[in-house]
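*Asks:* Quick check, what structure comes out for this input:
(one chain, ligands or ions: 1)
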Amino acid sequence: MAVAAELSPSSHTKSTRLSSSQLSLCSTHLSYLHRRALRPVARPRNATISCSVNQIQAPIAVQPEDPKGKSDCYGIFCLTYDLKAEEETKSWKKLINVAVSGAAGMISNHLLFKLASGEVFGPDQPIALKLLGSERSFQALEGVAMELEDSLFPLLREVKIGIDPYEVFEDAKWALLIGAKPRGPGMERAGLLDINGQIFAEQGKALNAVASRNVKVLVVGNPCNTNALICLKNAPNIPAKNFHALTRLDENRAKCQLALKAGVFYDKVSNMTIWGNHSTTQVPDFLNAKINGLPVKEVIKDHKWLEEEFTEKVQKRGGVLIQKWGRSSAASTAVSIVDAIKSLITPTPEGDWFSSGVYTNGNPYGIAQDIVFSMPCRSKGDGDYELVKDIIFDDYLLKRIAKSEAELLAEKRCVAHLTGDGVAFCDLPEDTMLPGEM
Ligand SMILES: NC(=O)c1ccc[n+]([C@@H]2O[C@H](COP(=O)([O-])OP(=O)(O)OC[C@H]3O[C@@H](n4cnc5c(N)ncnc54)[C@H](O)[C@@H]3O)[C@@H](O)[C@H]2O)c1
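*Replies:* Numbers count the residues shown, from 1 in each chain. Presented below is the predicted three-dimensional model:
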């Protein structure tokens, strides 16, 4: 069976494309050829490609014609090869498309190389990276693509760069939404909610239109909980359950602080929940967390430290890091994104759980419906999750959770114009900070 597709010369032109299975087929050959480094032929952006089960035909070489250079495959990832090859390729899994926004930013600079190396999805999982940048960051995005080229990752079969989410998110199985505007000097949180909310409304619509119907979406760009809510509301054809806001960095920070206080290695800390918003109202839950399988309060007897210092340390860790570094955490955020993805694609260890900001409808804890709130989750490793039921609460925990809940409900009212819930009304309880802000 032979397939053919026209590749578009422009990022803004829709075109017939190879389906993901067809791409996978081509990519399988590509992998073989990458490893053998044999006879590459330039694949022009506006040429017809043919590939079949047994061979890939090289197109007639013409010069790439893309005045702005803002679309489609990048550099070496535009090459295809004219070899017949099918042996050695059977053990590869089907290619998956991973879309990353803010791909020229600091977090992505760490994350992309982990994704391409196989550290995240495994050593037998070829991936295509679809990188979304902003108009301003496009040149930097080309630099990122050049570094990916030069890394010779055998699992990396395609890199596309672009600024149009409707193109970049096409057939995405994972969408890691990192790109956002930072809060500028003097900007109120309400202003940040609006400016970034518009980005996530547009990206939600694009995902709804072109991504895989079961795409998993991880929102990192801040304010990530409310951005995730906006995104899912603008993507009604994708299950709301598929949207996550990243609170894994907060979980990792909390585990580290508990381990430090208890004098144990941090892999001894489990069952750590971050409740609520990825802001300074977040609640690191030391009531349900465990150290060496025992309740934290039995191991750390200094309960005053737990209630006062520990909680604040976790809430403000990002701010302290900015003071030291002069910029916000990027490497540890990338690590926590990897952790968050792995938690969904590998079974959660028996008795343990992980935190993620997820849609609250149907939650068993009595938290308000229709917001994105960090809660304890378990996964069978199929990309899906369920909320953990056997959780205990005390007055301290409930009071803190209520504060974060009130903040998120207020944020939701602020962005009603972006979620289809009517006219926005901004009455944020206080101008709370993101963990990375001072
Ligand atoms: N949830 C968390 O735990 C967590 C932790 C750290 C940082 N963050 C947030 O992650 C975001 C990115 O952080 P960073 O350090 O990588 O920032 P950065 O400024 O280095 O990179 C952001 C990139 O996004 C791009 N961008 C802006 N608007 C875009 C759009 N509409 N589409 C695509 N790209 C766009 C920018 O041009 C820039 O290249 C920030 O909002 C930050 O607050 C979240």
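*Asks:* phi, psi of the residue in the stretch 51-200 of the chain that the ligand sits nearest to?
*Replies:* Closest residue of the stretch 51-200 of the chain to the ligand, CB to the nearest ligand atom: Gly105 (2.1 Å). Every C-beta, even on glycine, is put in place using the N, C-alpha and C of the backbone. Torsion angles at Gly105 (phi, psi; degrees, to the nearest 10) stand at phi -90, psi -180.
*Asks:* try Gly383
*Replies:* phi 90, psi -20.
*Asks:* One more: Gln198?
*Replies:* Residue torsions, per degrees, to the nearest 10, at Gln198 are phi -70, psi -40.
*Asks:* Please tell me how far it sits from Cys224.
*Replies:* The spacing between Gln198 and Cys224, counted by CB to CB, to the nearest Å, is 15 Å.
*Asks:* Those two: which is more packed in?
*Replies:* For Gln198 versus Cys224, neighbours defined as other CB atoms under 10 Å are more numerous around Cys224 (28 against 15).
*Asks:* Now do the contacts for the residue lying closest to that one once chain neighbours are set aside.
*Replies:* Of all residues not flanking Cys224 in the chain, Ala245 sits nearest, at 4.1 Å (CB to CB, 6 or more residues apart in numbering). Applying CB atoms under 8 Å, 6 or more residues apart in numbering, we find Ala245 in contact with 218-219, 224-225, 227-228, 278, 356-358, 372, 374.
*Asks:* make it 6 Å
*Replies:* Contacts for Ala245 (CB atoms under 6 Å, 6 or more residues apart in numbering) come out as 219, 224-225, 228, 357, 372.
*Asks:* Give me the subset of these lying in strands.
*Replies:* 219, 357, 372 (DSSP state E).
*Asks:* Scan these and report the most crowded one.
*Replies:* Within the ones in strands among the contacts of Ala245, Gly357 tops the neighbour count with 34 neighbours, counted by other CB under 10 Å.
*Asks:* these two touch, right, that one and Ile371?
*Replies:* No: with contact defined as CB atoms under 6 Å, Gly357 does not reach Ile371; the gap is 9.4 Å.
*Asks:* Spell out which parts of the stretch 101-250 of the chain neighbour the ligand.
*Replies:* Residues of the stretch 101-250 of the chain lying close to the ligand (CB under 6 Å from any ligand atom) are 101-102, 104-107, 132-134, 136-137, 178-182, 199, 220-222, 224, 246, 249.
*Asks:* Return the member of the contacts of Ala245 nearest to the ligand.
*Replies:* Cys224 (4.4 Å).
*Asks:* so who does the closest one touch?
*Replies:* Listed by CB under 6 Å, 6+ apart, the contact set of Cys224 reads 245-246, 278.
*Asks:* Redo those residues as JSON lines? Include secondary structure and pLDDT.
*Replies:* Below are the contacts of Cys224 laid out as JSON lines (DSSP: H, G, I helix; E, B strand; the rest coil; pLDDT from 0 to 100):
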{"residue": "Ala245", "secondary structure": "strand", "pLDDT": "98"}
{"residue": "Leu246", "secondary structure": "coil", "pLDDT": "98"}
{"residue": "His278", "secondary structure": "coil", "pLDDT": "94"}
